[in-house]
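1. Here's a sequence, model it:
(one chain, ligands or ions: 1)
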Amino acid sequence: MIHEKVTSREALAKQDAADTLAAIRQHFYLPDGVIYLDGNSLGPLPWRTHLRLAAVLGGEWGDGLIRAWQSAGWLALPQRIGDKIARLIGAQPGEVIVADSTSINLFKVLCAALTMRPGRRVIVTERDNFPTDLYIAQGLVEFLGGAHQLRIVEREAIAEAIDEDVAVLMLTHVCYRTGEMHDMAALTAQAHARGALTIWDLAHSAGAVPLDLTGAQADFAVGCGYKYLNGGPGAPAFLFVARRHQADFQQPLKGWMGHAQPFAFEATYQPADGIARALCGTPPILALTALECGVDIALEASMDEVRAKSLALTDLFIALVDDLCAGYGLRLLTPRDHHRRGSQVSYAHPHAAAVMQALAARGVIGDFRPPDILRFGFAPLYVRYVDVWDAAHALADVLRERSLGPTA
Ligand SMILES: *Cc1c(COP(=O)(O)O)cnc(C)c1O
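-> Numbers count the residues shown, from 1 in each chain. Below is the predicted model of the structure:
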């Protein structure tokens, strides 16, 4: 749905009433007086997470004790939840596993990709990539003794930066600052045409936009559990390895959980078959339990419906801000073109930090990213059309007050 001209809050309330995703909002605890536009940083708490964690604490850990590793199926959780996430990102069963953090998983897949392209020494990425992605690659290049190179280029120069020296193209699919989305299939094809592998960071994509890792012929991917998957603060992350690469997949964090027979307690490492070799240590069962609750809720929605609503919400916000906030110095950083937009809207403003603080005081929670970015995430599973109306009006009020006030 495209909002040519937004007429009234009442019309939007009707749209919420007709929204096929509206029932899913009931799964979340959303505090009164808060419009939550920061689910791209930390998703809200699902009610069932309380209940499920209480059950696991009491019935499984409490009564089961060490027996629960078997009786409650704890050891199977990383693969079971991985298979569920695979359905959200267009991957196949057995290609995704949940483990560690996004940062650590990135380290593992970077190592694997470099090992699979031994004659090549360059990692290509973009300047606007998330800092941890850049830092992990920098750390790995340093650790490898300097023979490798991290080639950081501007977004426009990515394609031309992939030459015969490049082992891997490492990108974040939806940019955390601007919400701009890459064409995964096209860039993956360009990398493959030059003999390079690809790593996609899906932190701002999984659960927010439809993905087709299989169709794009993606090689490796990592992603985050606590953003649009609503898995809770510091939720474990996921890692994808295309099945065709799994036999060659080698990573240096060869912990016992990635061993072919962890409970044989052998002295020599022997990688497990398949995606399990991407595991390192003991899985965090309580955190995995919470993550599975969030993932199960995401699976109740069709990703096509999620995408349609995401575009409708972000279109609506952009249209309202165009109308209400013209002349106050906001500069839209997010593409208006649907094909290049994730599920957030960002603006640059010279007083972005103060504006976001004033919004928070009115119950509108987004976030500020230095040096001057206002960032609003629109998670279609619980953000309503009326929330968009109220947030845009609050933003207009804040900007008007600032420009009238003594400290303008
Ligand atoms: C949020 C985010 C991360 C987070 O990594 P952690 O290891 O969970 O801290 C990584 N990459 C991107 C692109 C992100 O947006």
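2. Quick check: beta-bridge partners of Met181?
-> Listed by DSSP bridges, the beta-bridge partners for Met181 are Val174.
3. Could you check how far it is from Glu156?
-> Distance of Met181 to Glu156, computed by CB to CB, to the nearest Å: 15 Å. All C-beta spots, glycine's among them, are computed from the backbone N, C-alpha and C.
4. just Ala287 next, same as before
-> Remark: distance between Ala287 and Glu156 (CB to CB) = 39 Å.
5. swap in Met170?
-> Taking CB to CB, one finds Met170 at 17 Å from Glu156.
6. Show me which residues of the stretch 101-250 of the chain are close to the ligand?
-> Selection of the stretch 101-250 of the chain residues close to the ligand by CB under 6 Å from any ligand atom yields 101-103, 130, 132-133, 172, 176, 201, 203-204, 224, 237.
7. Show the pLDDT at Glu4.
-> Per-residue confidence at Glu4 stands at 53 (pLDDT).
8. Repeat that for Leu404.
-> At Leu404, pLDDT is 69.
9. If you tally nearby residues, what's the number for Phe28?
-> Applying the criterion other CB atoms under 10 Å, we find 21 residues in the vicinity of Phe28.
10. ok, Ala287 and Glu156, which is more surrounded?
-> Taking neighbours as other CB under 10 Å, Ala287 and Glu156 compare with Ala287 leading, 20 against 8.
11. Work out for me the element that one sits within.
-> Using DSSP states H and E, Ala287 sits within helix 285-300.
12. how about the closest residue to the ligand within the stretch 201-350 of the chain, what does it touch?
-> Minimum separation of the stretch 201-350 of the chain from the ligand (CB to the nearest ligand atom) falls at Ala203, amounting to 3.3 Å. With contact taken as CB atoms under 8 Å, 6 or more residues apart in numbering, Ala203 is in contact with 102, 130, 172, 174, 176, 222-224, 227.
13. how about the nearest residue to it once chain neighbours are set aside, phi and psi?
-> Excluding the flanking residues, the one nearest Ala203 by CB to CB, 6 or more residues apart in numbering is Cys224, at 4.0 Å. Main-chain torsions, Cys224, degrees, to the nearest 10: phi -110, psi 140.
14. tally of neighbours for Cys224?
-> 27.
15. Give me the mean pLDDT for stretch 71-86.
-> Averaged across stretch 71-86, the pLDDT comes to 97.
16. do the same with stretch 270-289
-> Rounded mean pLDDT across stretch 270-289 is 98.
17. quick one: it near the ligand?
-> No. Stretch 270-289 stays clear of the ligand (CB under 6 Å from any ligand atom), getting no nearer than 12.0 Å.
18. And stretch 367-374, by the same measure?
-> No. Shown here: stretch 367-374 not in contact with the ligand (CB under 6 Å from any ligand atom), separated by at least 10.8 Å.
19. Just give me how far the helix or strand encompassing Leu106 sits from the chain centre.
-> Element membership for Leu106 (DSSP H and E) is helix 102-116. Taking CA atoms, centre = their mean, to the nearest Å, one finds helix 102-116 lying 17 Å from the centre of the chain it belongs to.
20. Quick check: buried residues in it?
-> 102-114, 116 (16 or more other CB atoms under 10 Å).
21. can you give me the mean pLDDT across that helix?
-> 98.
22. mind saving the C-alpha coords of that helix as PDB?
-> Written as PDB, here are the backbone C-alpha positions of helix 102-116 (Å, rounded to 0.1, in the frame of the first residue of the first chain):
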ATOM      1  CA  THR A 102      27.400 -12.200  15.200                       C
ATOM      2  CA  SER A 103      30.900 -10.900  15.700                       C
ATOM      3  CA  ILE A 104      32.300 -14.400  16.500                       C
ATOM      4  CA  ASN A 105      30.400 -16.100  13.700                       C
ATOM      5  CA  LEU A 106      31.800 -13.500  11.300                       C
ATOM      6  CA  PHE A 107      35.300 -14.400  12.400                       C
ATOM      7  CA  LYS A 108      34.500 -18.100  11.800                       C
ATOM      8  CA  VAL A 109      33.100 -17.600   8.300                       C
ATOM      9  CA  LEU A 110      35.800 -15.200   7.300                       C
ATOM     10  CA  CYS A 111      38.500 -17.700   8.300                       C
ATOM     11  CA  ALA A 112      36.600 -20.500   6.400                       C
ATOM     12  CA  ALA A 113      36.300 -18.300   3.200                       C
ATOM     13  CA  LEU A 114      40.000 -17.300   3.200                       C
ATOM     14  CA  THR A 115      41.000 -21.000   3.700                       C
ATOM     15  CA  MET A 116      38.900 -21.900   0.600                       C
END
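23. Give me the next element, helix or strand, following it.
-> Counting by DSSP H and E, the element after helix 102-116 in chain order, helix or strand, is strand 122-126.
24. could you check the angle helix 102-116 makes with that following strand?
-> Per axes from the mean of the first three to the mean of the last three CA atoms, to 10 degrees, the angle that strand 122-126 makes with helix 102-116 is 140 degrees.
25. List the contacts of the next helix or strand after strand 122-126.
-> Following strand 122-126 in sequence order, the next helix or strand is helix 131-143 (DSSP H and E). Outside helix 131-143, the residues that touch it by CB under 8 Å, 6+ apart are 102-103, 106-107, 110-111, 114, 123, 125, 148-150, 152, 170, 172, 201.
26. returning to that earlier point: would you list the residues of the stretch 101-250 of the chain next to the ligand in CSV and tack on distance to Phe249?
-> Below are those laid out as CSV (distance: CB to CB, whole Å):
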residue, distance to Phe249
Ser101, 19
Thr102, 18
Ser103, 19
Phe130, 23
Thr132, 22
Asp133, 20
Thr172, 21
Tyr176, 27
Asp201, 18
Ala203, 21
His204, 25
Cys224, 21
Ala237, 17
